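J.: Sequence unavailable; structure follows:
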């Protein structure tokens, strides 16, 4: 097999793993979320066909079926206005290929900001941010 075929096979395998991926998401801490009423903020999560509206900022091992998508979208919504105030998009295949779990502080940006796609650069101290933990596996690995 050629080197091109090896790269193609590796990419295809990574894509197939994402297609069958089950994801557990935890958001345990926040920093610098500037809001008039921080109690009104909730975290909404979307991956693949799974959408979970939040009932608070923290999430504890929330299960999402990420099948069909390579992106976890984390959105912070103000429940008083129903407006999204922060978001971040995290590519799952690049993280799941590294390890079965991943945790990091992640900067949050304004909705629609082209920089909202994840870049593994640690956020600066003053940026709004959340601490995200992800566990990757199949439905059988992580339970139903």
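T.: That came through, no problem. No experiment lies behind these values; they were computed from the predicted model shown.
J.: distance of residue 102 from residue 95?
T.: Residue 102 sits 5 Å away from residue 95, going by CB to CB, to the nearest Å. No exception for glycine: its C-beta is placed from N, CA and C like everyone else's.
J.: Tell me the residues that contact both of the two, please.
T.: 134, 136 (CB atoms under 8 Å, 6 or more residues apart in numbering).
J.: worst-scoring helix or strand of the protein, pLDDT-wise?
T.: Using mean pLDDT, DSSP states H and E, the weakest-scoring helix or strand in the chain turns out to be helix 139-142, at a mean of 50.
J.: ok, the residue most central in space within the chain - contacts?
T.: With distances taken as CA atoms, centre = their mean, residue 72 lies nearest the centre of the chain, 3.7 Å away. Counting by CB under 8 Å, 6+ apart, residue 72 makes contact with 23, 25, 45-47, 64, 66, 89-90, 92, 134.
J.: Show the average pLDDT along the helix or strand that contains it.
T.: Assigned by DSSP states H and E, residue 72 falls within strand 71-78. The pLDDT scores in strand 71-78 average 93.
J.: ok, now stretch 81-93?
T.: Here the average pLDDT along stretch 81-93 is 90.
J.: If we go by neighbour counts, what in it is buried?
T.: Within stretch 81-93, the residues that count as buried by 16 or more other CB atoms under 10 Å are 85-88, 90-93.
J.: Pick out the most distant pair among the residues you listed.
T.: 85 and 93 (27.8 Å; CB to CB).
J.: circling back: which PyMOL command selects the buried ones in the contacts of residue 72?
T.: With 16+ other CB under 10 Å as the criterion, this PyMOL line picks the buried residues out of these:
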select buried, resi 23+25+45+46+47+64+66+90+92+134
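J.: tell me which of the contacts of residue 72 is nearest to residue 106?
T.: For the contacts of residue 72, the nearest to residue 106 is residue 90 (7.1 Å; CB to CB).
J.: Quick check, the closest one in contact with residue 130.
T.: No - counting by CB atoms under 8 Å, residue 90 stays clear of residue 130, with 11.0 Å between them.
J.: list residues touching both of the two?
T.: 74, 106.
J.: Is there a neighbour count for residue 57? I'd like the number.
T.: Neighbours of residue 57 under the rule other CB atoms under 10 Å: 17.
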